[in-house]
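Participant: pasting the sequence and the predicted model now:
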Amino acid sequence: MKPLRLLIQAFGPYLERTELDFTGFGPGGIFLISGPTGGGKTSLLDAMCFALYCRATGEGRDFAGMRCMSAPPELDTLIEFDFTLGDSVYRFCRRQYTYTKRSRETELRETHECFLLDGDGRPELLAGGSALSVTHKAEELLHLNYRQFRQVIVLPQGDFLKLLRAGSREKGEILRTLFSAEVWERLREQFREREKFLENEARDAENLRDTLLRQEGAQDTESLEQSVAELEKELSELITRLDQNGKKLSETETRLKAAGELLRLDRAAKEAEARLSETSARAETLEKSAHKTDHMLKEAAELQEKSTAAARERERLNGSLSQLTAALDASDKAKLARREQNNLKKELETAQKEQEDITKRLEQGAEYEGRCREANLRLPELLERRQALEGQCAALEELARRRAALTEAEKALKETEAQAERRRVEWETLSLRLKEQEALLRSSAALELAGTLEEARPCPVCGSVHHPAPARNPVRSALSPRELDVLRAGEKGAREALSEAQGLVKARADSLKTARESLSRQEELCKDGPAPEKAAALLAEVTARAAEARKLAAQLQKAGSRLEELRARREAIEQERAQKMSRLSALNARAGELERQAEGALSRLESADPRALERAIKEQETLADSLAKKAVSLRETAGLRAQELAGAREALRLAKEAGAAAKAGLAGFRAEHPDPLDLPALTKAAKDLREESQRSSQAIGETRSALRSRRAALGSIRELDQKISGLSARFSRVSRLSRALSGSNPMKTPILQYVLSVTLDEVLVSANRFFQRLCRGRYALQLADCPRGGGAMGGLDLEVLDGASMLPRSIETLSGGEQFLASLSLAFGLSEVVQSHSGAVGLDSIFIDEGFGSLDSETLDAAMKALALLQSGGRMIGVISHVQELQSRITNRLQVTQTPEGHARAKVIIP
């Protein structure tokens, strides 16, 4: 991975948009990141790490910790990082911005994106949305997590000097974190938990087996198997006994059924004989009363003839009643026709009056229509005149309004200019105070550092042991962070208020100019018109006349339609009168004819009383119905007696046949069963056999249930025996491995301590390649010879093998420069091992955040040779330092400077 471009804004001390191009340093160049202390050199590395993992290199700070403190809310925090990886170019973007809701409330939002750039620089989105998804994409591409990236790409000297001097326990914690070695500790714990789990599983299986044996009352598996065999034998005997008892019960039930059938046949024969006797007596009685039936039929015929005569008389009387009804109906119709004739005469008189009234209304309507037509012709002229007068009045009103608007605009402009001046004074005061406080804030970092400096002790920043001019307390005290935030907010509000007031002054000046131009145009427009009072009077007069004309014109069409309706109504009345005259003549002729018909019919009838005729008809109808009902009743009675006699004869025949059949069936059954059948004895024997079968079935069920339970228990116990055997074998294997991982092995070393010691050996092999080059082969790092074993972390202490004496030395005996070279070598070696262990792709860049100020000239030459050794492998190397001598040795630079406001700026310098 090699950086190509870095873009930051409102990030750390970098307020302004800063873009750095790394391509000028070449594919394997070395460059210096230089600048004042606290100026923002390390923040450039923070930005690269933040773009990839959304965390800075220091304490893993997020957006809240890395945003520029003096950045206004509307300025976004932006980080873009382009780099090459193999033949591909990638871009990682992180952004935080302020979002304003509809409710005017604000909230911070973030965007996270990863792109693949093609040859023309066009981006293709690879990941986006959440910060975690983009971080996962970085881990996928680099094969390094955040912690490993810090150690492989960015080498902070302090961490490795700490690793160099740390004891075994502390060194073990550092290496375990760096190489994720806690996986071996988790492996040991997992095997220990697995051992305990298998032990508990085996114990639970044994307890369950013992419980099952106790429930079945057995001492062991063999006794339970013997109990199962005994139950199987007992069940077989019970089933045999039940089968034998079933055969006896079947034979007894067969004889019991035969005894019951014999009893039934005997009863049936006796019942058939009794029915035959009863049927014979009834048939004899009915034969004796047969002559009464003939007498009933003769009497019914006589009654039917009398009923027919009464019906004929009723029909004759009905005819007379119909004639009388027709005569009375004709008389009523004649009277109705006379009344209708009188009504028609009255309607004709009413129609005559309506016709005269319509003629009068037609004359009046024609006059009104003429007036409406004349008003319709005058209306366009009146409307045109009114429109002209309205335009003149509106122009005069607009002239007065524009004069008033000009006065208001002049007044508003004066007020706005005064307010803008007040805003300007307020903003200048707050701005000056804010600049003073920010200058005090920038000096506070140097002041804190100066408080920790001691003569003859190296500076943690530059490494110098002399401190001729440490920072001093300022005359004025700085505000607290909360008070400074309040001051910034006040300055921003004053600046926005000033901008708003200045904009308002310009807007109102433009409004005043527009009002003057508008008034001039309106005065030119109204100079030839009438005075306002005269124009208003003329408008009122013309408006009234136009309203009256419009009203009459609107009635023109309605008046014409009404005249047409009246003319049509007059014609309709004339037609109705002609029809009614014709109808009147026809009614007169019909009434005369009906009156003559009614008089002739009434003269032919012997009685003109309809009620008397109706009573006579009713009497004849009642007599006919009564006689007919008596005749029907007699015939039905005679028919029933005849049917009853026929039925008795048939029943007698059937009873004789049934008696003969019952006797024959009884005789045949006795012939088939000559042995005596004792029904009570057979019933008792069958009952006893059923009870015996029931007891046997119950015993079989209980035995089967007990056998099923013991078989299930036996199967479960056999499965548990197999499970216990398998668990014991697995427990033995896991227990051996668990003890070996915990230190019960020939080396007496736990797995974690062993892995860390092997890893540290590998790191030392790689580190010594650099260390021997830097110290000209005199020194080599190695593990100190100390006892191992036990659960505590040990065997990780480092010492130095001195080639001059071939004896080991303590790290503490090295000089400060030699310790720096040792820690730098350890950093290089650890970087290579971390990269190889993580499976990372080729990482062709490294940044050293190092205090080179503590090195003498000779040691500095050795350090530069080590860097040249790394550079020869094709790596791009960036060194962070403010040491002046390095600037003469490394000409390619990223120069970091500070603005007067204390913000950082960076630029690429290539001579």
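Facilitator: Arrived safely, thanks for sending. Numbering: from 1, shown residues only.
Participant: low-confidence ranges, the stretch 51-200 of the chain, go.
Facilitator: Judged by pLDDT under 70, the stretch 51-200 of the chain has its weakly predicted residues at 58-60, 151-152, 154-161, 163, 174, 177-178, 180.
Participant: and the helices in it, which stretches?
Facilitator: 63-66, 131-142, 146-152, 157-165, 168-178, 182-215 (DSSP state H, counting those that start in this stretch).
Participant: just name the most buried of those helices.
Facilitator: helix 146-152 (a mean of 21; mean count of other C-beta atoms under 10 Å). C-beta coordinates here come from the backbone N, C-alpha and C atoms, glycine included.
Participant: so which other helices or strands are in contact with it?
Facilitator: Counting contacts by 3 or more C-beta pairs under 8 Å, 6 or more residues apart in numbering; DSSP states H and E, helix 146-152 packs against helix 41-53, helix 168-178, helix 816-838.
Participant: okay, these, which one's buried deepest?
Facilitator: Greatest average neighbour count among those goes to helix 41-53 (a mean of 24), per mean count of other C-beta under 10 Å.
Participant: and that one with helix 131-142, angle?
Facilitator: 100 degrees (axes from the mean of the first three to the mean of the last three C-alpha atoms, to 10 degrees).
Participant: output helix 41-53 as CSV, nothing but the C-alphas.
Facilitator: In CSV, the C-alpha atoms belonging to helix 41-53 read as follows (Å, rounded to 0.1, in the frame of the first residue of the first chain):
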residue,chain,number,x,y,z
LYS,A,41,2.4,16.5,12.0
THR,A,42,1.0,13.4,13.7
SER,A,43,-2.5,14.5,12.6
LEU,A,44,-1.6,13.6,9.0
LEU,A,45,-1.0,10.0,10.1
ASP,A,46,-4.2,10.2,12.2
ALA,A,47,-6.1,11.2,9.0
MET,A,48,-4.8,8.2,7.0
CYS,A,49,-5.7,5.8,9.8
PHE,A,50,-9.1,7.5,10.4
ALA,A,51,-10.0,7.2,6.7
LEU,A,52,-9.4,3.5,6.8
TYR,A,53,-10.7,2.5,10.3
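Participant: quick one: it to chain centroid distance?
Facilitator: 39 Å (C-alpha atoms, centre = their mean, to the nearest Å).
Participant: picking up where we left off before, how about the helices of the stretch 51-200 of the chain in JSON lines, adding distance to Ala589?
Facilitator: What follows is the helices of the stretch 51-200 of the chain, written out as JSON lines (distance: least, C-beta to C-beta, whole Å):
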{"stretch": "helix 63-66", "distance to Ala589": "117"}
{"stretch": "helix 131-142", "distance to Ala589": "111"}
{"stretch": "helix 146-152", "distance to Ala589": "125"}
{"stretch": "helix 157-165", "distance to Ala589": "139"}
{"stretch": "helix 168-178", "distance to Ala589": "134"}
{"stretch": "helix 182-215", "distance to Ala589": "124"}
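Participant: quick one: closest of the ones you listed to Lys865.
Facilitator: helix 157-165 (17.4 Å; C-beta to C-beta).
Participant: mind checking which of the helices of the stretch 51-200 of the chain is nearest Cys393?
Facilitator: helix 63-66 (66.6 Å).
Participant: domain boundaries for the chain, per the record?
Facilitator: Split into domains by automatic domain parsing, the chain comes to 1-143+875-911, 189-281+678-742.
Participant: most packed of those?
Facilitator: domain 1-143+875-911 (a mean of 17).
Participant: of the helices and strands packed on helix 146-152, which is nearest Leu774?
Facilitator: That would be helix 816-838 among these, by C-beta to C-beta, at 4.5 Å.
Participant: and the following helix or strand past the closest one, how far out from the chain's middle?
Facilitator: Next helix or strand after helix 816-838 toward the C-terminus (DSSP states H and E): strand 845-849. From the chain centre to the centre of strand 845-849 is a distance of 48 Å (C-alpha atoms, centre = their mean).
Participant: just the C-alpha atoms of whichever helix or strand comes after strand 845-849, please, in CSV.
Facilitator: If you walk from strand 845-849 toward the C-terminus, the next helix or strand you reach (DSSP H and E) is helix 857-872. Taking C-alpha atoms only, helix 857-872 is exported to CSV below (Å, rounded to 0.1, in the frame of the first residue of the first chain):
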residue,chain,number,x,y,z
SER,A,857,25.7,12.5,14.8
GLU,A,858,27.2,9.0,14.6
THR,A,859,24.0,7.3,15.8
LEU,A,860,21.9,9.5,13.5
ASP,A,861,24.1,8.2,10.6
ALA,A,862,23.4,4.7,11.7
ALA,A,863,19.6,5.4,11.9
MET,A,864,19.7,6.9,8.4
LYS,A,865,21.5,3.8,7.1
ALA,A,866,18.7,1.6,8.6
LEU,A,867,16.1,3.8,6.9
ALA,A,868,18.1,3.5,3.6
LEU,A,869,18.1,-0.3,4.1
LEU,A,870,14.3,-0.3,4.4
GLN,A,871,14.0,2.1,1.4
SER,A,872,16.1,-0.2,-0.8
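Participant: got the angle for helix 857-872 vs helix 816-838?
Facilitator: Using the same axes, to 10 degrees: helix 857-872 against helix 816-838 is 20 degrees.
Participant: so that it lines up with my notes, have the first residue be 50 from now on.
Facilitator: Okay, using 50 as the starting number, the last item reads as helix 906-921.
Participant: report the mean per-residue pLDDT for helix 906-921.
Facilitator: Average pLDDT, helix 906-921: 73.
Participant: mind listing what's buried in that helix?
Facilitator: Buried residues in helix 906-921, counted by 16 or more other C-beta atoms under 10 Å: Thr908, Leu909, Ala911, Ala912, Met913, Ala915, Leu916, Leu919, Gln920.
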